[in-house]
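Visitor: okay, here's the prediction I keep looking at, along with the sequence it came from:
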Amino acid sequence: MNLSECNKIQNNLYDYLQNNLDTTIRSLVESHLSQCEKCRSELEILKKTLGSLDQLEALSPQPSFCEKVLGKIELEEQQQSQLSRRLTAFFDSLVNKWAYVGIAALLVISFFAGKMYQSSLAPQRWIISQPKEIELKKESSISPNPIVIEIERNKFFDSFKQLLTLIEAHNGQLIRLKVVEYGIELIIQLDQTKEEILFKELNQLGRITMTKSGYRNKEGNIFIMIKTQ
Amino acid sequence: MKPENEKYCQNTIEEDEIIQLIEKVKGGDKEEYRKIIFLYQTKIFNLCYRFLGNIEDAEEAASDIFVRAYFKIHKFNRKSKFSTWLYRLSVNHCINKVKERGRKKRLETIPFSNIEQDEEKTFESILSVETDTPIDFLHRKQIQECIRKKISKLNSKQRLALELIHFQELSYSETSKILKCPVATIKTRLHRAFNKLKISLQECWKLIKEG
């Protein structure tokens, strides 16, 4: 018997025993088996192997399993609503801050508008200069190399909530949180063994940029910066 | 257990009914989620057990999977069967658990002491089974432990193919969706798994003969 034919047949032996083959392939396998002793012996060994696997009994979880799951869900819901309350309060305070900034801006604009109106009364030509580009800080103030998570503007709030949940889920602790013009900076404490998993999960939030090790300080705390794309 | 929940334990409901349950859960009906748990708890628990190697870890992982599924259920968009979605979640969770404990605890070290916890058999209950003497019971457990060890020595890709196709009795196409790889690859992994097992299981077959 040709070796490659035997390989093809042996690849199908499991499905043959489980009755998963269509009639054409099944009859091909049967015809091959009737002529090939090697494949017949493979079939017997496979039967024995499957027989051994069948000896493994299926176990049942404890009768209280369902209640345990529902209890965990209840607990998590409570924690999430607490977190959401804290975040809402935090963002409310931010809104208040921005309201002050807005009022200040209106005052400044009305002052200059008044000036312009006064000047317009005088016969004078206006020279409009190019506005200076507003320069945002490109580096973080907490570390030169934080882990930067760039998030779509409309998902920012949800992703930030998710980030806090992830940190909490890995028993991480929030050491410092600072709102800056380009986003939010965080310093967290996290067990080094949880680091890899957390970083993988961070990838689901948005685009991640990080250096090999510069995101930790001397105390081992991790710097994260979350900002809009 | 309430009698109306029994059919969920016996797994005798259609995909349409599962979808209806899910829609109710999405609408905030937690009681309906109980039925989904009953429907899949044994399968997911056994998957975790064969993956993680001990009952405590398996129960913890299985409960975490159902909690995660509850909070993510709004993301289930019916592009696949619910079971496919749940298995994918379970497989990813188990892989992460294994990586997490990684070097701390090797998979193959399923302690012999688990035999006592296993199914919570007391000495009296062992004696009460007429066809199974305590010696037979221990011997059977010893063989099962040997087989589990051999399975745990397969690489994770082969183990997953074996778990989903053979133990969970899923189709190749469903397994291919869960593991996100072609059917031919799954078949090859399964074939390699059996090739390895037929050699490694010889040790267990000796135990059977001794019995």
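Guide: Great, that's in hand.
Visitor: hey, let's count contacts and neighbours off CA atoms from now on
Guide: OK.
Visitor: and the helices in chain B?
Guide: B:6-9, B:15-26, B:30-52, B:55-72, B:82-101, B:114-117, B:123-128, B:134-152, B:156-161, B:172-179, B:183-200, B:202-210 (DSSP state H).
Visitor: where's residue A:63, which helix or strand?
Guide: Using DSSP states H and E, residue A:63 sits in no helix or strand.
Visitor: is chain B within reach of the helix or strand where residue A:88 lies?
Guide: Residue A:88 is part of helix A:65-121 when elements are defined by DSSP H and E. Yes. Contact of helix A:65-121 with chain B (CA under 8 Å from any CA of the partner chain) involves A:65-66, A:68-70, A:72-73.
Visitor: tell me the first helix or strand C-terminal of that helix.
Guide: strand A:147-151.
Visitor: list the contacts of the next helix or strand after that following strand.
Guide: Using DSSP H and E, the helix or strand that follows strand A:147-151 towards the C-terminus is helix A:156-169. Helix A:156-169 is contacted by residues A:84, A:87, A:151, A:173-174, A:190, A:198, A:201-202, A:205, A:226-228 when judged by CA atoms under 8 Å, 6 or more residues apart in numbering or on different chains.
Visitor: counting neighbours, what do you get for residue 153?
Guide: As the question left the chain open, I've gone with chain A. 11 (other CA atoms under 10 Å in any protein chain shown).
Visitor: switch to chain B, please.
Guide: Once other CA under 10 Å is used to define contacts, residue B:153 is seen to have 16 neighbours.
Visitor: so how far is chain A from it?
Guide: Plainly put, residue B:153 is 14 Å away from chain A if you go by CA to the nearest CA, to the nearest Å.
Visitor: show me just the buried residues among the residues of helix A:65-121 next to chain B.
Guide: Neighbour counting over the residues of helix A:65-121 next to chain B (16 or more other CA atoms under 10 Å in any protein chain shown) leaves A:65-66, A:68-70, A:72-73 as the buried ones.
Visitor: circling back to that earlier point, among the contacts of helix A:156-169, which are in strands?
Guide: Among the contacts of helix A:156-169, the ones falling in strands (DSSP state E) are A:151, A:173-174, A:226-228.
Visitor: which ones among those residues also lie next to chain B?
Guide: Counting by CA under 8 Å from any CA, nothing from the ones in strands among the contacts of helix A:156-169 sits close to chain B.
Visitor: the residues you listed: which two are farthest apart?
Guide: A:173 and A:228 (23.3 Å; CA to CA).
Visitor: ok so, going back, I'd like to know which of the buried ones among the residues of helix A:65-121 next to chain B is nearest to residue A:110.
Guide: residue A:73 (53.7 Å).
Visitor: contact partners for the closest one?
Guide: Residues near residue A:73 by CA under 8 Å, 6+ apart: B:67, B:70.
Visitor: residue B:143 too?
Guide: Residues in contact with residue B:143 (CA under 8 Å, 6+ apart) are B:204, B:207-208.
Visitor: buried residues, stretch B:178-187. List them.
Guide: Neighbour counts using 16+ other CA under 10 Å place B:178-179, B:183, B:186-187 of stretch B:178-187 among the buried residues.
Visitor: any idea how chain A splits into domains?
Guide: A:3-54, A:147-228 (automatic domain parsing).
Visitor: make TSV from those domains and add mean pLDDT to it.
Guide: Formatted as TSV, those follow (pLDDT from 0 to 100):
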stretch	mean pLDDT
domain A:3-54	92
domain A:147-228	81
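Visitor: want to throw those domains into a markdown table with distance to residue B:88?
Guide: Below are the domains of chain A laid out as a markdown table (distance: least, CA to CA, whole Å):
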| stretch | distance to residue B:88 |
| --- | --- |
| domain A:3-54 | 23 |
| domain A:147-228 | 16 |
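Visitor: tell me the centre residue of chain A?
Guide: residue A:204 (2.5 Å; CA atoms, centre = their mean).
Visitor: gap between that one and residue A:151?
Guide: For residue A:204, the distance to residue A:151 equals 10 Å [CA to CA, to the nearest Å].
Visitor: also residue A:42?
Guide: Distance from residue A:42 to residue A:151, counting by CA to CA: 55 Å.
Visitor: and if you look at residue B:77?
Guide: From residue B:77 to residue A:151 the distance is 23 Å (CA to CA).
Visitor: between these two, tell me which one has more neighbours.
Guide: Counted by other CA under 10 Å, residue B:77 and residue A:151 do not tie: residue A:151 has more neighbours, with 21 against 10.
Visitor: report the beta-bridge partners for the more buried one.
Guide: In this entry, residue A:151 is beta-bridged to residue A:228, by DSSP bridges.
Visitor: what does chain B put close to chain A?
Guide: Going by CA under 8 Å from any CA, the residues of chain B near chain A are B:34, B:37-38, B:41-42, B:45-46, B:59, B:63-64, B:66-67, B:70, B:96, B:100, B:119, B:144, B:147-148, B:187-188, B:191, B:194, B:197-198, B:201.
Visitor: report the buried members of those residues.
Guide: Using 16+ other CA under 10 Å, the buried ones in the residues of chain B next to chain A are B:34, B:37-38, B:41-42, B:45-46, B:59, B:63-64, B:66-67, B:70, B:144, B:147-148, B:187, B:191, B:194, B:197-198, B:201.
Visitor: can you count the residues close to residue A:59?
Guide: Quick note: residue A:59 (other CA under 10 Å) scores 14 neighbours.
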